[in-house]
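> predicted model follows, preceded by the sequence.
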Amino acid sequence: GLGIATILACSFFATISGSSPATVIAIGSIMLPAMINAGYPKRFSVGVIATGGSLGILIPPSIVLIIYAVSTSQSTGKMFLAGVIPGVLLAVILMSTVYLTALVKGFPTSEKTCLSSIWNSFKKAIWGLMLVIIVLGGIYGGVFTPTEAAAVSAVYAFVVAVWVERGLKLADIKRVLLSAASTSSMIL
């Protein structure tokens with residue numbers, strides 16, 4: 001249920017941010033209260049978020065892989081390709097561990113959902129999922145560097161938030177920028 005969704009969210013966010021601390025802060029601030037409200041023990045919830053956040057060092061575009069590639073004069077693209085399979089494998093292992101732990105200890109489970117509900121959720125999330133495709137497709141396609149991918153993804157997210165989803169008003173931009181600066185300061 002929610003524990004597995006947390007690992008998936010960490011995996012997707014790691015593909016956007018490339019940073020373990022950023023993944024833990026971004027996903028943890030949303031999923032920790034949700035997991036506790038759903039009845040998961042606090043220690044387990046924190047553990048799931050912390051281990052899920054560790055995917056940021058493996059799943060491209062990982063900042064650690066970039067620094068390693070630069071410092072050892074290796075190809076960043078090859079380093080990214082080398083991190084994909086271990087990152088996905090680790091995510092699957094973490095999800096399996098969460099599932100087995102929840103099963104053994106009797107943690108809450110989610111209700112079964114039908115395919116139409118999954119499809120409707122997918123359609124609602126398509127704009128956010130496109131961000132992952134833009135970042136990874138742009139990097140692997142040679143369209144832009146990881147740094148340029150960060151800038152492109154920020155502009156894309158802004159356009160989607162303001163004009164497509166209409167969840168952010170232009171008047172709220174100052175508050176959002178201050179909040180982003182605060183979060184970035186914690187990460188740095």
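In hand now; what should we look at?

> output the longest helix belonging to this structure.
The longest helix of the chain (DSSP state H) is helix 76-105.

> and that one, what other elements does it pack with?
Other elements packing on helix 76-105 under the criterion 3 or more CB pairs under 8 Å, 6 or more residues apart in numbering; DSSP states H and E are helix 2-17, helix 42-53, helix 63-71, helix 115-140. For every residue, glycine as well, the C-beta is placed using N, CA and C.

> pick the most buried one from those.
Most buried of those by mean neighbour count (mean count of other CB atoms under 10 Å) is helix 2-17; its value is a mean of 23.

> ok and the following helix or strand past that one relative to helix 42-53, angle-wise?
Note on helix 2-17: by DSSP states H and E, the next helix or strand toward the C-terminus is helix 20-37. In terms of direction (axes from the mean of the first three to the mean of the last three CA atoms, to 10 degrees), helix 20-37 departs from helix 42-53 by 150 degrees.

> which positions in helix 20-37 come out as buried?
Ser20, Ala22, Thr23, Val24, Ile25, Ala26, Ile27, Gly28, Met31, Leu32, Met35 (16 or more other CB atoms under 10 Å).

> list the contacts of it.
The contact list for helix 20-37, computed with CB atoms under 8 Å, 6 or more residues apart in numbering, reads 2-3, 5-6, 9-10, 13-14, 17, 42, 44-46, 48-50, 52-57, 183, 186-187.

> hey, what's the angle from that helix to helix 2-17? Just curious.
160 degrees.

> chain center to helix 20-37, what's the gap?
Taking CA atoms, centre = their mean, to the nearest Å, one finds helix 20-37 lying 10 Å from the centre of the chain it belongs to.

> what's the angle from that helix to helix 63-71?
Going by the same axes, to 10 degrees, helix 20-37 makes 170 degrees with helix 63-71.

> average pLDDT across helix 20-37?
For helix 20-37, mean pLDDT is 91.

> swap in stretch 139-149?
On average, stretch 139-149 scores 84.

> what's the burial count for Gly141?
When neighbours are defined as other CB atoms under 10 Å, Gly141 has 8 of them.

> how near is it to Ala149?
Per CB to CB, to the nearest Å, Gly141 is found 11 Å from Ala149.

> next: Ile133.
11 Å.

> over to Lys112?
37 Å.

> out of the two, which sits in the busier spot?
In terms of neighbours (other CB under 10 Å), Ala149 is the more surrounded of Lys112 and Ala149; the figures are 20 against 6.
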